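**Student:** Just need the structure, nothing else, for what follows:
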Amino acid sequence: MIDAGVASYSSAAILFIVLTVALAVGHSGKGLGTWLILASALSALWAIYLAIAPRYPFAAEGHALWYGIEVARYGGWLAFMARLLYAGPGPLGIGPRGWLVHGTWLAVLVAGLTAEALWPGEVFGTASHVALVQLGGLLLLALIGLLLVEQLARNTRAEARGSLKHLYLSLFTLFALDLVVFAVGFMSRMPDQGLWDLRGVANALIVPLLALSATRNPDWSPRAFVSRHVAFYATSLLVAGGFLILVAVGGYYVRLYGGTWGGFLQLTLLSAAVLLLAVLALSAAQRARLRVFLVKHFYRSRYDYREEWLRLMGRLGKGTSPAAARRSLIAAIGGIVQSPGGLLFERSGSRFRCAAAQGIDWVDAEASADDPFARRMAERGWIFDLEESAPTWTAEPDLPRPDWLSPIPEAWLIIPLRTEAGLVGWVVLLRSEIVKTLTWEDRDLLKASGRAAAVHLALIQATEALSEAQQFDAFNRLSAFVVHDINNVVAQLSLIVSNAHVHDGNPDFVKDAVATIEHAVGRMNRLLTQLHKVPVSPGAKARIELDHAVSAAVERCRGGRPAPELRLEAQGLGIIIDAERLQSVVENLVKNAQEATPDDDRVTVSVARRGERALLVIDDTGCGMDAAFVRERLFKPFDTTKGNSGMGIGAHEARELVRGAGGDLKVSSSPGQGTRIELWFPLAHPANPRSAEAPLRQSGG
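**Tutor:** Model (predicted):
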């Protein structure tokens, strides 16, 4: 079993080594840091020696080494305090009174070693002269150490005491315990074994306090830093360990004096202690209270702002939906003050309405933008503490407690969410069981977090607006294509109506009119089917003969002026495409050409073969277009030059159809010179044209 003294001094050695390394890594090479590193290193050496040396090195012959290490440890701490108290000029920075302190511990060292030389081989005991001199010298150094601690506390300026209080506490503990140990030992000329073993644990416990002092005094060690997480868990372990040690000591005496029930009572006490620690460790409220205690008493600033900012950004980034993102916003701000939940009020027009709830049921509450609370938050960014004993707004008669808070009796804080554009909303937090009152640090952090949350809320709103705009855009695009098809059908039917009084007795006209009406009805039925998301078999891609589809489309455009001319170079050119859409596209392009061309000019539609591709050309001698219009506007959806009569999607639809079939669409045009549109399609194999490639010939007109 490990000896208690070995464990005690080993723990002190480990912690002092860690402290020495941490101070040395961040040390600039000058100032008080040098003396602090020296004192810490000598304490580590002292603890290592006592951990590996015989349990009581003063109880055997030849204990000069032990005495020298003890005095050297005192010398390190006394030198540090002397430098802190009595700084002076010179490379060491020690004033006259500082040299007096150094002379004292050096004299004690010489006296103890001289006694060792005068009475060689003498062990400690009631008649030991060496024990009298050495224990008396160590007792004197402990007393001087306490006097220097008192001088430090007395002479420190009031504004600096907060950064030095942990140093006072740690050094007072060190010297006071040694004073007791050596006072008891001086009277009996033999230190008490129990007190001797306790020294190691006591020195280990002061290391965290020394580290905190170093972080609060950058001139000692500029980059020394103790994480709040490390401090929290280290303190938790120390408290838990100290509690278990006390329980173990109590259990030992219960077992010793408990008679036949001693063993049972000891196990019961230990089990209850372990269970209590487990309950406390699993309690979020208790962990929060411990963190608040540590921050309040051991840190200059209440918050680790880097950690708080990362936590805030992490929580604001949660949520896969706008509703979840709003709830995470409430949780992010509430987590700063350990609030269990709250409500988000968001601007909607001229009112602020409850938009989300976290940790509480949603309430139907709203406030006007002219509400006094809303105005103060918009103008000044006020944070309202609704449970202040003397609220800041009581002095303003026009600012009573708002009616919209009536459904929220547990409301505690109101945090404004402001951007440069104004107040976008606010968060109402529920009262916290941990944080009872707000400090200036709480308010500053809440204000900064509110601004970050406001930007996040504005981003959520912009995302929702964009999504809604995209939905409307999709709806408008669909409507445009529907209207475009209806316009084509109306144009066909209008042509029949306009010619009916002239050709009503012509059987061929009646036949063509019925066919056109039948085509229009079929087209509208297919359009309605597509709008109901029912698959349309005629709309599927299939192999068609390009000349047949183009001929049918051109035939339906012959009622316009100028009448299109169809030139067929090759027939039976097979392509894979949606025939209905192809005919609609060709009709639209031909009609556009007719509208751009005077009645006495020409519109030509040609079909030819070029290698393994089919070429459809629509050529007119109309007004033409400039290169900038073709490049920037022709294929842009919903950009039209026809006013209310056009939708601006014909060219776009034509290009998308051709590209979807694996081809391409090219346009060449010049103002006053007409326009040439080429539609290139890959041939479907096998392709069996009825005629070889030849010069274009005119076919009808």
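**Student:** okay, CA-based contacts and neighbour counts for the rest of this
**Tutor:** Fine.
**Student:** how about the helices in the stretch 351-500 of the chain?
**Tutor:** With DSSP state H, counting those that start in this stretch, the ranges of helices along the stretch 351-500 of the chain come out as 372-380, 440-503.
**Student:** is it possible to export those helices to a markdown table including mean neighbour count, distance to Gln673 and mean pLDDT?
**Tutor:** As requested, those are arranged in a markdown table below (neighbours: other CA atoms under 10 Å; distance: least, CA to CA, whole Å; pLDDT from 0 to 100):
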| stretch | mean neighbour count | distance to Gln673 | mean pLDDT |
| --- | --- | --- | --- |
| helix 372-380 | 18 | 63 | 84 |
| helix 440-503 | 15 | 27 | 77 |
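**Student:** Quick one: closest of those helices to Leu65.
**Tutor:** Leu65 lies closest to helix 440-503 among these, at 52.3 Å (CA to CA).
**Student:** Output the contacting helices and strands for the closest one.
**Tutor:** helix 305-316, helix 322-334, strand 411-419, strand 422-430, helix 507-531 (3 or more CA pairs under 8 Å, 6 or more residues apart in numbering; DSSP states H and E).
**Student:** For the first one, C-alpha coordinates in CSV please.
**Tutor:** Once non-C-alpha atoms are left out, helix 305-316 reads as follows in CSV (Å, rounded to 0.1, in the frame of the first residue of the first chain):
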residue,chain,number,x,y,z
TYR,A,305,-15.6,35.9,-23.7
ARG,A,306,-13.9,33.7,-26.3
GLU,A,307,-15.8,30.6,-24.9
GLU,A,308,-19.1,32.5,-24.6
TRP,A,309,-18.8,33.8,-28.2
LEU,A,310,-18.1,30.3,-29.6
ARG,A,311,-21.0,28.9,-27.5
LEU,A,312,-23.3,31.6,-28.8
MET,A,313,-22.3,31.0,-32.5
GLY,A,314,-22.6,27.2,-32.0
ARG,A,315,-26.1,27.5,-30.7
LEU,A,316,-27.2,30.1,-33.2
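**Student:** Taking helix 440-503 as reference, get the angle to it.
**Tutor:** Interaxial angle, helix 305-316 versus helix 440-503 (axes from the mean of the first three to the mean of the last three CA atoms, to 10 degrees): 30 degrees.
**Student:** Return the set of buried residues in helix 305-316.
**Tutor:** 308, 312-313, 315-316 (16 or more other CA atoms under 10 Å).
**Student:** That one vs helix 322-334, what angle?
**Tutor:** Using the same axes, to 10 degrees, the inter-axis angle of helix 305-316 relative to helix 322-334 is 160 degrees.
**Student:** lowest-confidence helix or strand of the chain?
**Tutor:** strand 698-699 (a mean of 38; mean pLDDT, DSSP states H and E).
**Student:** Okay, buried residues for stretch 611-626 please.
**Tutor:** Across stretch 611-626, burial judged by 16+ other CA under 10 Å covers 613-625.
**Student:** what does the average pLDDT come to for that stretch?
**Tutor:** Confidence for stretch 611-626, expressed as mean pLDDT, is 92.
**Student:** distance between the ends of it?
**Tutor:** 31 Å (CA to CA, to the nearest Å).
**Student:** Likewise for stretch 182-198?
**Tutor:** For stretch 182-198, the end-to-end distance is 13 Å (CA to CA).
**Student:** Can you give the contact residues for it?
**Tutor:** 4-5, 8-9, 56, 59, 124-128, 131-132, 135-136, 138-139, 181 (CA atoms under 8 Å, 6 or more residues apart in numbering).
**Student:** Including distance to Gly574, could the helices of the stretch 351-500 of the chain go into TSV?
**Tutor:** Listed next are the helices of the stretch 351-500 of the chain as TSV, based on distance: least, CA to CA, whole Å:
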stretch	distance to Gly574
helix 372-380	70
helix 440-503	26
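**Student:** quick one, which of those helices is nearest to Met81?
**Tutor:** helix 440-503 (33.1 Å).
**Student:** Centre of the chain to that closest one, how far?
**Tutor:** Here the centre of helix 440-503 is set off from its chain's centre by 31 Å, with CA atoms, centre = their mean, to the nearest Å.
**Student:** now swap in stretch 138-148 and tell me
**Tutor:** 53 Å.
**Student:** Tell me where this structure has strands.
**Tutor:** Taking DSSP state E as the criterion, the chain contains strands spanning 342-348, 351-358, 366-368, 384-385, 411-419, 422-430, 542-545, 565-568, 574-577, 603-610, 613-620, 664-670, 674-682, 698-699.
**Student:** and the gap between Trp382 and Pro372?
**Tutor:** Trp382 is 11 Å from Pro372, by CA to CA.
**Student:** How about Ala44?
**Tutor:** 63 Å.
**Student:** likewise Ala202?
**Tutor:** Distance, Ala202 to Pro372, using CA to CA: 58 Å.
**Student:** now Ala278
**Tutor:** 49 Å.
**Student:** returning to that earlier point: any chance of the strands of the chain in a markdown table, with distance to Arg189 too?
**Tutor:** Shown next, in a markdown table, are these (distance: least, CA to CA, whole Å):
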| stretch | distance to Arg189 |
| --- | --- |
| strand 342-348 | 67 |
| strand 351-358 | 69 |
| strand 366-368 | 81 |
| strand 384-385 | 64 |
| strand 411-419 | 64 |
| strand 422-430 | 64 |
| strand 542-545 | 112 |
| strand 565-568 | 127 |
| strand 574-577 | 111 |
| strand 603-610 | 118 |
| strand 613-620 | 114 |
| strand 664-670 | 108 |
| strand 674-682 | 111 |
| strand 698-699 | 133 |
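**Student:** Compare these and report which one is nearest to Thr516.
**Tutor:** Once the strands of the chain are compared by CA to CA, strand 565-568 is nearest, at 19.7 Å.
**Student:** To Asp664, which of the helices and strands packed on helix 440-503 lies closest?
**Tutor:** Among the helices and strands packed on helix 440-503, helix 507-531 sits nearest to Asp664 (CA to CA), with 25.7 Å.
**Student:** coming back round to it: pick the one among the buried residues of stretch 611-626 closest to Ala332.
**Tutor:** For the buried residues of stretch 611-626, the closest approach to Ala332 (CA to CA) belongs to Met625, at 58.0 Å.
**Student:** and the closest one, backbone torsions?
**Tutor:** phi -140, psi 150 (degrees, to the nearest 10).
**Student:** Now do Ala24: how many residues are near it, please.
**Tutor:** For Ala24, the neighbour count with other CA atoms under 10 Å is 19.
**Student:** Nearest residue to it in space, please, no chain neighbours.
**Tutor:** Leaving aside its chain neighbours, Ala24 sits nearest to Ile37 (6.6 Å; criterion: CA to CA, 6 or more residues apart in numbering).
**Student:** which stretches of the stretch 101-250 of the chain have low pLDDT?
**Tutor:** 157-163, 218-250 (pLDDT under 70).
**Student:** For Gly359, list the residues it contacts.
**Tutor:** 340-342.
**Student:** so how far is Trp412 from it?
**Tutor:** For Gly359 relative to Trp412 (CA to CA), the value is 14 Å.
**Student:** looking at it, Gly33 is touching Leu23, isn't it?
**Tutor:** Yes - between Gly33 and Leu23 there is a contact at 7.4 Å, judged by CA atoms under 8 Å.
**Student:** coming back round to it: what would the buried residues of helix 305-316 look like in a markdown table with pLDDT?
**Tutor:** Putting the buried residues of helix 305-316 into a markdown table (pLDDT from 0 to 100) gives the following:
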| residue | pLDDT |
| --- | --- |
| Glu308 | 78 |
| Leu312 | 80 |
| Met313 | 81 |
| Arg315 | 80 |
| Leu316 | 81 |
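**Student:** so which of those comes closest to Ala549?
**Tutor:** Among those, Leu316 lies closest to Ala549 (CA to CA), at 58.0 Å.
**Student:** who are the neighbours in contact with that closest one?
**Tutor:** 325, 328-329, 332, 453, 456.
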